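Participant: sequence and predicted structure, then a few things I'm wondering about:
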Amino acid sequence: MTAQSWKIGEVTITCVVEDQTEHIPPELFFPDARAADVAKHAWLVPDFADASGRIALRVQAFVIETRRRRVLVDPCVGNGKKRPMPFWNERNFPFMERFEAAGFDPRAIDTVVHTHLHADHVGWDTRLVAGAWVPTFVNARHLYTARELEYCRKDDNPGIAGVFADSVAPIFDAGLADIVDEDAELGDGLRLEPSTGHTPGHVSLWIESAGETALVSGDFLHHPVQCAQPGLAEIGDLDVEQARATRRRMLARASESGALFLGTHFATRPAGRVEVCGDAYRFVPLP
Ligand SMILES: [Zn+2]
Ligand SMILES: [Zn+2]
């Protein structure tokens, strides 16, 4: 698999895929969605749904290369983690092989951004060596928001079960963790914006370079069908009403700005533009 990458200004954004699953009945992730309704949005086929309206989802990380920085966003599920969700439990993905095949060295990552701390956004931060979870990106500052850490530390939700112990605490123990504001300026054209609702301390990442912008969504939306139906709640949304309001606000910002939109769980062609379509939006992917 060749890594997909895109350029905005002087910045290169590359996606490293951990897993893509197709033909998923939409109601598994969106309780109010039905395949027949998804199929009505013809622009979703074939990249994001099949002709019968069953959906595709990816787990992937983005690497952002500026002139001075190598920033990794949302390092996926990871290997060997014990999780209550069977599709995340004790997996063995060739993610690091793909990461290195794309030309990246884990030691060269200087920053790891987490949009939130669900198990599919933090896993590769650690790997199991001689029975202990140790940092993978040993020269990186790993960024967390305070509200997200508090939520993760409680460990009372299947989406985060076990995450703090095996993927967050070892980073703090190694002195590689920083707590940042939800609207933190990260330098080099990188900036967080709070996009709460899916989880309490959820953030999205804006990237600006030479007059162009990009937005890495995280999980304020999961699938392009939510561009057409921003009210469609995802099964993991902790505060459904807040998640809906955030989705509408962020989709409006994405379409007005003309930013390159990187959908964290978008399958096949995850980068594109959000365009107004009737009283909602549609997603127009780039190659
Ligand atoms: Zn999530
Ligand atoms: Zn996720």
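Facilitator: Perfect, thanks for sending it. Residues are numbered from 1 along each chain as shown. Ligands and ions are numbered 1, 2, ... in the order given.

Participant: a helix runs through Ala169, doesn't it?
Facilitator: Yes: counting by DSSP: H, G, I helix; E, B strand; the rest coil, Ala169 is part of a helix.

Participant: where do the helices sit along the stretch 1-150 of the chain?
Facilitator: For the stretch 1-150 of the chain, the helices defined by DSSP state H, counting those that start in this stretch cover 35-39, 95-101, 146-154.

Participant: buried ones in the lengthiest helix in the chain?
Facilitator: Determined from DSSP state H, the single longest helix within the chain is helix 240-257. Counting neighbours by 16 or more other C-beta atoms under 10 Å, one finds that the buried residues in helix 240-257 are Gln242, Ala243, Arg244, Thr246, Arg247, Met250, Leu251, Arg253, Ala254, Ser255, Ser257. Backbone N, C-alpha and C define where each C-beta goes, glycine included.

Participant: now distance to ligand 1 and pLDDT too, for those residues, in TSV please.
Facilitator: Listed next are the buried residues of helix 240-257 as TSV, based on distance: C-beta to the ion, whole Å; pLDDT from 0 to 100:
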residue	distance to ligand 1	pLDDT
Gln242	14	98
Ala243	10	98
Arg244	15	98
Thr246	13	98
Arg247	13	98
Met250	15	98
Leu251	17	98
Arg253	20	97
Ala254	18	98
Ser255	23	98
Ser257	24	97
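
Participant: in TSV, list those residues along with distance to Arg282.
Facilitator: Below are the buried residues of helix 240-257 laid out as TSV (distance: C-beta to C-beta, whole Å):
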residue	distance to Arg282
Gln242	24
Ala243	20
Arg244	18
Thr246	19
Arg247	14
Met250	15
Leu251	10
Arg253	16
Ala254	12
Ser255	10
Ser257	16
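
Participant: between those residues, which sits nearest ligand 2?
Facilitator: Among those, Ala243 lies closest to ligand 2 (C-beta to the ion), at 12.7 Å.

Participant: ok, now which ones touch the closest residue to that closest one other than its chain neighbours?
Facilitator: Residue nearest to Ala243 in three dimensions, not counting chain neighbours: Gly197, with 3.1 Å by C-beta to C-beta, 6 or more residues apart in numbering. Contact partners of Gly197, counting by C-beta atoms under 8 Å, 6 or more residues apart in numbering, are Phe220, Asp237, Leu238, Asp239, Val240, Glu241, Gln242, Ala243, Arg244, Ala245, Thr246, Arg247.

Participant: one more pass at 6 Å, please.
Facilitator: Gly197 makes contact with Asp239, Gln242, Ala243, Thr246 under the criterion C-beta atoms under 6 Å, 6 or more residues apart in numbering.

Participant: what does it show for phi and psi?
Facilitator: Gly197 adopts backbone torsions of phi 130, psi -60, taken as degrees, to the nearest 10.

Participant: for the one 5 residues further on, same thing?
Facilitator: The phi/psi pair for His202 (degrees, to the nearest 10) reads phi -70, psi 140.

Participant: hang on, it packs against Ser195?
Facilitator: Yes: applying C-beta atoms under 6 Å, one finds His202 in contact with Ser195, separated by 5.2 Å.

Participant: can you verify Ile207 is assigned to a strand?
Facilitator: Yes: residue state for Ile207 (three-state DSSP) corresponds to a strand.

Participant: how many residues are close by the residue lying closest to it once chain neighbours are set aside?
Facilitator: Leaving aside its chain neighbours, Ile207 sits nearest to Ala214 (4.3 Å; criterion: C-beta to C-beta, 6+ apart). By other C-beta atoms under 10 Å, 25 other residues sit near Ala214.

Participant: what's the neighbour count on the closest residue to Arg248 other than its chain neighbours?
Facilitator: Closest residue to Arg248 apart from its sequence neighbours, by C-beta to C-beta, 6+ apart: Pro230 at 4.9 Å. The burial count assigned to Pro230 is 21, neighbours taken as other C-beta under 10 Å.

Participant: same check, this time on the one 5 residues further on
Facilitator: Using other C-beta under 10 Å as the criterion, Ile235 is surrounded by 11 other residues.

Participant: show me what contacts it?
Facilitator: Shown in contact with Ile235 (C-beta under 6 Å, 6+ apart): Phe29.

Participant: name the element it belongs to?
Facilitator: Of the helices and strands defined by DSSP states H and E, none includes Ile235.

Participant: tell me how far it lies from ligand 2.
Facilitator: Per C-beta to the ion, to the nearest Å, Ile235 is found 11 Å from ligand 2.
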